[in-house]
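Student: no FASTA, just this:
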Ligand SMILES: [Zn+2]
């Protein structure tokens, strides 16, 4: 099990200085996206139940200002050697060699990263929020999926995808990342994030 998952902030995928509304948002979207009723298969459903439990336990503490302050104090004392700020990291696949690396969440802004396995440089958007479900757009012979993504600094971009796998079943508010093909602006992977789980699909 990911040791970060023990941490309430890591469980909700937020920074430990996140404002109360952001914590509530992360919890609400998480329990909605991973509601066990949305998963039919046994193993997937069990995992969804575990995630939901974890989200609720994090919310019980972080959603209450007094409990949160107490938790913050214990958390700081418990890790005196660790830096005080936890930045959530996301599992991001390299578009060239598919090696998955842990990359810090940058709040949904586009940045360039380098694959530690093959050295390829590629653009990524990490930890953006889906403002609406992806919708079909364009002429019939060239249909595309368009999804509005919001970064933590409030910027909104319309991201276009060639494919949108049904299994992603994205819901409004979910946290996602986009990996672009090297030297291009075409998205190759779309990754859906949840506590302890990053699910990526090819979208080109
Ligand atoms: Zn690589």
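Tutor: Now that the structure is in, tell me what you want to look at. Remember, predicted model here, so these are calculated numbers, not experimental data. Residues are numbered from 1 along each chain as shown.
Student: where exactly do the helices run in the protein?
Tutor: Along the chain, counting by DSSP state H, helices occupy 8-12, 20-33, 42-62, 65-78.
Student: and the shortest one, what other elements does it pack with?
Tutor: The reference is to helix 8-12. helix 20-33, helix 42-62 (3 or more CB pairs under 8 Å, 6 or more residues apart in numbering; DSSP states H and E). The way it works is simple: take the backbone N, C-alpha and C, and place the C-beta from them, glycine included.
Student: residues contacting the closest residue to residue 149 other than its chain neighbours?
Tutor: Nearest-residue entry for residue 149: residue 128, 4.0 Å, with adjacent residues in sequence omitted and distances by CB to CB, 6 or more residues apart in numbering. Contacts for residue 128 were tallied using CB atoms under 8 Å, 6 or more residues apart in numbering; they are 108, 149, 150, 151, 175, 176, 177, 178.
Student: same question, residue 168
Tutor: Contacts of residue 168 (CB under 8 Å, 6+ apart): 190, 192, 199, 201.
Student: so the third one sits against residue 189, correct?
Tutor: It refers to residue 199. No. The criterion here is CB atoms under 8 Å, and residue 199 misses it with residue 189 at 10.3 Å.
Student: what residues does this structure have near the ion?
Tutor: 94, 96, 97, 99, 115, 117, 118, 120 (CB under 5 Å from the ion).
Student: mind running it again at 8 Å?
Tutor: 94, 95, 96, 97, 98, 99, 115, 116, 117, 118, 119, 120 (CB under 8 Å from the ion).
Student: filter these to the buried ones?
Tutor: Among the residues of the chain next to the ion, those classed as buried by 16 or more other CB atoms under 10 Å are 94, 95, 96, 115.
Student: could I get those as a markdown table with pLDDT?
Tutor: Converted to a markdown table, these look like this (pLDDT from 0 to 100):
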| residue | pLDDT |
| --- | --- |
| 94 | 95 |
| 95 | 96 |
| 96 | 95 |
| 115 | 94 |
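Student: how near is the most far-flung residue of the chain relative to its centre to residue 42?
Tutor: Farthest-out residue of the chain from its mean C-alpha position, per CA atoms, centre = their mean: residue 141, at 31.8 Å. Between residue 141 and residue 42 the distance is 41 Å, computed by CB to CB, to the nearest Å.
Student: one step back: from the contacts of residue 168, which land in strands?
Tutor: Using DSSP state E, the members of these that fall within strands are 190, 192, 199, 201.
Student: that's all I had, so thanks and see you.
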